[in-house]
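# structure of the sequence below:
(2 chains)
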Amino acid sequence: MIKKKKLTLYNQLAGLKRDFSFGESKIVNSKTLQWIGTLKSSPIGDDYKVKLIYELGKNPNIYVLEPTPLKLFEGKKSLPHVYDHKTQRLCLFYPDWKEWNSSKSIAQTVMVWAIEWLYHYELWLITGEWLGGGTVHGETKKDIIKNEADNSI
Amino acid sequence: MITTEQKTELEDILDALGENLSINEAQHEAAVRSYKAVGNWLTNDESKLSPYNPVISPQGSFIIGTIIQTIDPDGDMDLDIVCELNGKRQNWTQKDVKEIVGEQLIKHKKYESILDEEGRRCWTLKYRENGSPNERYHMDILPAINTNGHSVILEKAYSNLKDQNIEDLVLSITDNERLPEYEISTDPSEWLQSNPFGYAKWFMTIADDIKGRRTKMFSLNESVNPTPKYQKDRLPLQRAVQLLKRHRDIMFKDYNDDDKKEKPISCIITTLAAKAYDGEDNITDALLSIVNNMGNHIEEKYDYGLNRYVKWVSNPVNETENFADRWTLPGSKREAFFNDWLEQLKVDFGIFQSPFNRINLSESLKKSFGNEPVTKTFSDVGNRMRSLTEAGNNHVDRKAGVVGSAVAGLTNVAKVSAHNFHGND
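Numbering: from 1, shown residues only, chains lettered A, B, ... in the order given. The predicted structure is shown next:
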């Protein structure tokens, strides 16, 4: 089996400049890649100011900078699929399942998933249900059942 | 103005909404079972009708694909049925025909128990099967006679309705308010003429004449089949009529019971919508065209009885019939209510012409069509998108966002690769 080659910061930067040229991408402190720009959830959806931070050797992170705070569905106390409400860092993939690794293009994966997150976030605002699928933090069988119960309106 | 991508997304939402307003497959099957059972009872050998081979078939919104759910959880759907006799005994009057059909219904214990008071032209069975919401409807049974001795629906309509002359589909019906003819006339050619299948053909010909891209199919021949299969897809005009009818139901739901009876009737809405429709290939444009033009298809004709001009909505298969005849009744609020409704439509559908986002669209749709079906619609759309991602068929336009599988014409597209929304530090 051929092990896929890790992509360098510059490879990732080139990918973002090609696919997401409408945002500002740069390398800061020689080991961190950053992209800041506006992503839209879908043609009839809203715009969000988003920041990507990718430090070599770690997982890439995406934050919603604006609006802040993101609105909640009436009656819900927290956003679905975020690590942190304050920074609005999005949970886009499950690291243990190797859905993303450093051989994968950020522009083709995480950035696209962020758009999809925004889309399902807006549907959650309307329906109160997270319809994008995925796993739940610290998930156990009990949690899954509880989560499904919470989501059924 | 909205972009092509926005219109595509809106179309998916309106189509899903229409689907949620339609009767579902279980309701369709239940309705077909019920009218077939009635048909079997009316045709059985001991029935006085049996020599005239009655054919029971649905008519109206059920066959033209515009039937919708009621908004009242305890409400009944209307199912309009024709009981078509192939000829009759020569000396039978209108009254005889009507009563023989009624007598045969009463001989059946169950039908007797659900038979409503006699209507002007119909017998009505009020189905409340086990309280199941799938089987709660008013079945209006219209006794009718074809004068040529061959079942219109079996011999003509079903074989290929499209090739038939509308005049060949005419039936003679009874009317107990037309005295004395009701009690004395034995010649069906003198009776009130009705053409439910001609109307269906007229409507479907317009619905089917789409200028542009056809993405959905609906078969009228299938829907007048004695055992029609459930058809899920609808053409833009059919969806538009469903949405208009639901908008009316929501708008008038809090009016008092007397006023509610004067809300715009489905037959006027459906007819004016079809007259105003101009072959638009999507629901949004169809709705806008209809809302802006349907008022122009209300004519004015001089009524010599009243000595004044009256509003006139012609039955397209019988120009002498005015669907708006009750607008002239003393104290009628019908015309005013129709105009109020049309004004409200212009306000509510104005959202499609101005910049909007998903959230205010959802709020506006909830107001016009009700919370429950609209929330369900957005859930359906979201679930569909998740399935597309799981199947490897979902896409984003990097600037415009999630676009699903409709990527034709887009240049900045990426496929959404498989992933799970999660993560840890």
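# next, the buried residues of stretch A:64-78.
A:Val64, A:Phe73 (16 or more other Cβ atoms under 10 Å in any protein chain shown). Where C-beta positions appear, they are placed from N, C-alpha and C, glycine not excepted.
# now swap in stretch B:290-308 and tell me
Buried residues in stretch B:290-308 (16+ other Cβ under 10 Å): B:Ile290, B:Val291, B:Met294, B:His297, B:Ile298.
# following the host helix or strand of the first one in sequence, what is the next regular element?
In this structure, B:Ile290 is located in helix B:283-293 according to DSSP states H and E. Tracing the chain C-terminally past helix B:283-293 and defining elements by DSSP H and E, one meets strand B:299-303 next.
# what lies in contact with that next one?
B:Arg308, B:Tyr309, B:Val310, B:Lys311, B:Trp312, B:Val313, B:Ser314, B:Asn322, B:Thr328 (Cβ atoms under 8 Å, 6 or more residues apart in numbering or on different chains).
# doesn't the third one belong to a helix?
So that's B:Val310. No - B:Val310 sits outside any helix when classified using DSSP: H, G, I helix; E, B strand; the rest coil, being strand.
# what is it paired to in the beta sheet?
B:Lys301 (DSSP bridges).
# contacting residues for it?
B:Glu300, B:Lys301, B:Tyr302, B:Asp303, B:Asn322, B:Ala324, B:Trp327, B:Thr328.
# one more time with 7 Å, if that's ok
B:Lys301, B:Asp303, B:Thr328 (Cβ atoms under 7 Å, 6 or more residues apart in numbering or on different chains).
# do the same with the last one
B:Thr328 makes contacts with B:Leu306, B:Val310, as judged by Cβ under 7 Å, 6+ apart.
# kindly recompute the last result at 8 Å.
B:Asp303, B:Leu306, B:Val310, B:Lys311.
# let's have the contacts of strand B:299-303 in a markdown table, adding pLDDT.
As requested, these are exported to a markdown table (pLDDT from 0 to 100):
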| residue | pLDDT |
| --- | --- |
| B:Arg308 | 92 |
| B:Tyr309 | 94 |
| B:Val310 | 95 |
| B:Lys311 | 96 |
| B:Trp312 | 96 |
| B:Val313 | 97 |
| B:Ser314 | 94 |
| B:Asn322 | 93 |
| B:Thr328 | 93 |
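# which of the residues in stretch B:33-53 are buried?
Buried residues in stretch B:33-53 (16+ other Cβ under 10 Å): B:Ser34, B:Tyr35, B:Val38, B:Gly39, B:Trp41, B:Leu42, B:Thr43, B:Ser47, B:Leu49, B:Tyr52.
# what sits against the closest residue in space to the fourth one that isn't next to it in sequence?
Read that as B:Gly39. In space, and not counting its chain neighbours, B:Gly39 is closest to B:Ile56: 3.2 Å by Cβ to Cβ, 6 or more residues apart in numbering or on different chains. Residues counted as contacts of B:Ile56 (Cβ under 8 Å, 6+ apart) are B:Tyr35, B:Lys36, B:Val38, B:Gly39, B:Leu42, B:Thr43, B:Ile81, B:Val82, B:Cys83, B:Glu84, B:Ile141.
# the residue nearest to A:Leu72 when sequence neighbours are not counted: what's it in contact with?
Ranked by Cβ to Cβ, 6+ apart and with sequence neighbours excluded, the top spatial neighbour of A:Leu72 is A:Leu79, at 6.7 Å. Contact partners of A:Leu79, counting by Cβ under 8 Å, 6+ apart, are A:Leu70, A:Leu72, A:His85, A:Gln88, A:Tyr121.
# count the residues that sit near the last one.
If I follow you right, that is A:Tyr121. Neighbour count of A:Tyr121, defined by other Cβ atoms under 10 Å in any protein chain shown: 24.
# with the third one instead?
The number of residues packed around A:His85, counting by other Cβ under 10 Å, is 14.
# check the offset of stretch B:217-236 from the chain's centre.
Here stretch B:217-236 is found 12 Å from its chain centre; the criterion is Cα atoms, centre = their mean, to the nearest Å.
# max-length helix in chain A?
helix A:110-127 (DSSP state H).
# that one - contacts with which helices or strands?
Contacts defined by 3 or more Cβ pairs under 8 Å, 6 or more residues apart in numbering or on different chains; DSSP states H and E place helix A:110-127 against strand A:32-40, strand A:47-55, strand A:61-66, helix B:358-369, helix B:371-390, strand B:395-397, strand B:401-402.
# go again using 6 Å as the cut-off
helix B:371-390, strand B:401-402 (3 or more Cβ pairs under 6 Å, 6 or more residues apart in numbering or on different chains; DSSP states H and E).
# may I have the helix or strand containing B:Glu99 as CSV, with CA atoms only?
If you go by DSSP H and E, B:Glu99 is part of helix B:94-106. Output of helix B:94-106 as CSV, limited to C-alpha atoms (Å, rounded to 0.1, in the frame of the first residue of the first chain):
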residue,chain,number,x,y,z
GLN,B,94,-84.4,12.6,-12.6
LYS,B,95,-86.0,11.9,-9.3
ASP,B,96,-86.2,8.1,-10.1
VAL,B,97,-82.5,8.0,-11.0
LYS,B,98,-81.5,9.8,-7.9
GLU,B,99,-83.7,7.8,-5.6
ILE,B,100,-82.8,4.4,-7.1
VAL,B,101,-79.1,5.2,-6.4
GLY,B,102,-80.1,6.4,-2.9
GLU,B,103,-82.2,3.3,-2.2
GLN,B,104,-79.4,1.0,-3.2
LEU,B,105,-77.1,2.8,-0.8
ILE,B,106,-79.6,2.5,2.0
